[in-house]
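J.: Compute the structure for the input listed below.
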Amino acid sequence: MDKLLTMSALRRVIQLTAFVFFVYGATIFTTFYTGDKLTQNLPALSCAYDMKGGDFCTLIPLQHQMDHRVSGLFTQNAKLMEALLPTLITIGTVAALILVLNKAFCGWLCPLGFFQEVITMIGTKLGLTQITALGRETVLKIRPIKWFIFLFLVLIFPILTGIGLLGHEWGAPFCAICPSRIMTTLATGDMAQVYVSEAGWGYFALSLIADLLFGLMVALALFVRQPFCRICPILPMQTLFKKIGLLRLVKNGSSHCDGCGHCVKACPMDIYEIQEVAANHDITHSDCTLCGRCIEFCPQDGVMNFKYGPLTLHSSSKQGFKKRLKIDKWWKG
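T.: Predicted structure coming up:
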C-alpha cells in the first residue's frame, strides 16, 4: 500500500485518466466527432485525427492559421488583425492554460508522453539494458531540434504553402509526421494513419517519415526515457509562457544541496542544470515537464519544491527519498 502513496503513483493515475479522456473522450461524452471538441488548443500532443478523441492539441489550428490566414499578409493584402486574430486567440488560449498548469501538460496529461513511459516500463520489465541518462553534450545537441521543428514545420512551411511556394501537403507538415497521430488512432482501432502515400513526392516523404519516426520512437523508448518528448515542438510553445505559470519547480539549495546529482539521474529529460546550487529560485527549465521525479529523488529536506503561486504543494525529504529508492528496487527487482 505504501508504494501507492507517492507523487509518481498519483501522476500515473492522472496520466491514465487523461489518456482515456483525450483518446476516447468524444465517445464517452458525445455521439459524433465534431470540430468543436470538448477542449481546444491543448498544449499537449492529443490528436485531432483521432475521431473518438475528446480534444486536440494546439499545433493543428496553429498550422492551419499560418497556411490560410497569416499567409494572406503576403498574398492578399489582408488586414493585419484579420490575418492575425485567429492565431492570437489560439496563443491566448494556450497562455491561459499554461498559466494554470504550466508545463505539467507534458508530464501529467499528454497521451504520447504517457505512452512512451509505458513502453519504457515494459523495456525495464523485459530486462533490457536501460540508458539511464544521456550525456550532457548529447542533450545539448538534441535540444535545438525541437525549435527547428517548431519554426519550420509548424510556422514557416505552412506560411510558404499559403503563399504558394510549397505544395498543399506542407500546409500541416508536423501533423503529417507526428507520432501522436499514429498512436492515438491505433489506440482506437483505426489503421488508416499507418500508410505510405503515393500522391506525390511530398506526401510520400512525409508519410514515410511518420511511419519511421513512430517506429523509432517505440524502439528507443524501450531503452531511453521520453525519446520524442526531447524534440517535441509543444515545448517551445510552453517555454514562451512558462514564466507566467503558477505551477513551477523551485530549488532552495543554498545551504543543503551537496550536488549529489540524484535529481539529474531521476529526470527523464536529463536536465543537468537542476543540480546547480540555487537559493529559492524557479528552475523550471524549458525542457522540464514538471513530472516531479527530481523532488522524489532529492535526499535533502526542502531543497526541491513544487509551488503553485505562493503555496508549496510538495517538497523533497530524506524520508521520501528512502521510500522511492525502496520502490525502485522493488520495481526493477
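
J.: Show me what residue 251 is bridged to.
T.: Beta bridges link residue 251 to residue 281, residue 304, judged by DSSP bridges.

J.: Can you verify my assumption that it contacts residue 284?
T.: No: the pair residue 251 / residue 284 is not scored as a contact, 9.9 Å apart, by C-beta atoms under 8 Å. Placement of C-beta: from N, CA and C, glycine included.

J.: Could you look up the SS state of the most centrally placed residue in the chain?
T.: Closest residue to the average C-alpha location of the chain: residue 106 at 3.8 Å, with C-alpha atoms, centre = their mean. At residue 106 the chain is in helix, as set by DSSP: H, G, I helix; E, B strand; the rest coil.

J.: what separates it from residue 80, distance-wise?
T.: Using C-beta to C-beta, to the nearest Å, residue 106 is found at 33 Å from residue 80.

J.: Strands of the chain, residue ranges please.
T.: Remark: strands assigned in the chain by DSSP state E are 247-251, 281-282, 304-308, 311-315.

J.: Tell me how many other residues surround residue 148.
T.: 12 (other C-beta atoms under 10 Å).

J.: and if you look at residue 198?
T.: Count around residue 198 with other C-beta under 10 Å applied: 9.

J.: For it, give me its contacts.
T.: residue 204 (C-beta atoms under 8 Å, 6 or more residues apart in numbering).

J.: for residue 183, same thing?
T.: Residues near residue 183 by C-beta under 8 Å, 6+ apart: 47, 111-112, 115, 214.

J.: repeat for residue 137
T.: Contacts for residue 137 (C-beta under 8 Å, 6+ apart) come out as none.

J.: Quick check: the gap between residue 137 and residue 143.
T.: 11 Å.

J.: whoops, I mixed them up, residue 251
T.: From residue 251 to residue 143 the distance is 20 Å (C-beta to C-beta).

J.: likewise residue 9?
T.: The value you get for residue 9 to residue 143, if C-beta to C-beta is used, is 30 Å.

J.: Between the two, tell me which one has more neighbours.
T.: residue 143 (17 against 13).
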